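> This is a predicted model, with the sequence first.
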Amino acid sequence: MNTKILLADDHQIMREGLVALLEREPGLQVVGQAEDGRAAVQLARKVNPDVVVMDVSMPDLNGIDATRQILEENAQIKVIALSMHADRRFVKGMLQAGASGYLLKHSASQELIKAIKVVMANRVYLSPEVAGVVVEDYKAPAPDTSAFAVLTPREREVLQLFAEGKTTRQIAATLHLGLKTVEAYRRQIMEKLSCQSLAELIKYALREGLTSLDA
């Protein structure tokens, strides 16, 4: 029986490379591709994959919150994070969201197939550089002041969409909320973060990895 895989990455070239890699391996089947986190959540619901290979930084909904939403709906799915960075915030965020693995993109071609087999055996797979970050954090834990600790999942969604240039009306439509509710979330976020302007919110979202300039 094939292991069904969903790929979520906002770069088409990366997805194409992963498809070529995975389809050479017997027993693995790519059943869907998503170019942002929200599409990944919707597609996971539709195709019911065994494994989601999830880019951490994506537009519309970041990989950490997309992972959380997918696993809330189906805890049997295994998520393997894929990132350019072994950043402590991202690693901790993905593992806390329920990811079973974390790979760095530069080593995906050597490690991804092994990682899929490991997580399908109900174990955790971490790239060596990432394992070092996890061990250091365990030995000397620092207070978590990241957006993933300070803001609620809904507040992060709203902040990411504002930072990516969406209007209040567009955010309301995307999240199925009222305009006043979106405005209330923005006020809450600004108050929590002590931000006085939208520009400050955008800087915060970029710094925390909720969005990126090329998203």
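It's in.

> in the one helix or strand E72 maps to, what's buried?
Assigned by DSSP states H and E, E72 belongs to helix 63-73. Neighbour-count burial for helix 63-73 flags G63, I64, D65, A66, T67, R68, Q69, I70, L71 (criterion: 16 or more other C-beta atoms under 10 Å). For glycine as for every other residue, the C-beta is placed from the backbone atoms N, C-alpha and C.

> what does the domain assignment say about the chain?
Taking automatic domain parsing as the reference, the chain has its domains at 3-139, 147-207.

> so which of the ones you listed is the most packed in?
Among the domains of the chain, ranked by average contacts under mean count of other C-beta atoms under 10 Å, first place goes to domain 3-139 (a mean of 19).

> Now do that domain: distance to the chain's middle.
Counting by C-alpha atoms, centre = their mean, to the nearest Å, domain 3-139 is centred 8 Å from the centre of its parent chain.

> okay if I get the domains of the chain as JSON lines plus mean pLDDT?
Shown next, in JSON lines, are those (pLDDT from 0 to 100):
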{"stretch": "domain 3-139", "mean pLDDT": "92"}
{"stretch": "domain 147-207", "mean pLDDT": "92"}
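
> Not counting the longest helix along the chain itself, show me its contacts.
Determined from DSSP state H, the single longest helix within the chain is helix 179-193. Helix 179-193 is contacted by residues 150-151, 154-155, 158-159, 162, 168-169, 171-172, 175, 177, 195-196, 200-201, 204 when judged by C-beta atoms under 8 Å, 6 or more residues apart in numbering.

> now, which of the residues you listed lie within helices?
Those of the contacts of helix 179-193 lying in helices (DSSP H): 150, 154-155, 158-159, 162, 168-169, 171-172, 175, 200-201, 204.

> for K117, helix, strand, or coil?
helix (DSSP: H, G, I helix; E, B strand; the rest coil).

> Could you measure from it over to I171?
Per C-beta to C-beta, to the nearest Å, K117 is found 40 Å from I171.

> for V158, same thing?
Counting by C-beta to C-beta, the gap from V158 to I171 is 6 Å.

> Please name the nearest non-neighbouring residue to the residue most central in space within the chain.
For the chain, the residue nearest the mean C-alpha position is G63 (0.9 Å; C-alpha atoms, centre = their mean). Nearest non-adjacent residue to G63, counting by C-beta to C-beta, 6 or more residues apart in numbering: V56, 4.1 Å away.

> residue contacts, the one you found?
Applying C-beta under 8 Å, 6+ apart, we find V56 in contact with N62, G63, I64, A81, L82, S83, H85, F90, G93, M94, G209.

> Now the fourth one: which helix or strand?
Applying DSSP H and E as the criterion places A81 in strand 78-83.

> Who are the packing partners of the helix or strand following that strand?
On the C-terminal side of strand 78-83, the nearest following helix or strand under DSSP H and E is helix 88-97. Other elements packing on helix 88-97 under the criterion 3 or more C-beta pairs under 8 Å, 6 or more residues apart in numbering; DSSP states H and E are helix 63-73, strand 78-83, strand 101-104, helix 128-139, helix 147-150.

> what's in contact with helix 88-97?
Contacts of helix 88-97 (C-beta under 8 Å, 6+ apart): 54, 56-57, 63-65, 67-68, 71, 79, 81, 83, 102, 130, 133-134, 137, 142, 144, 146, 148, 208-209.
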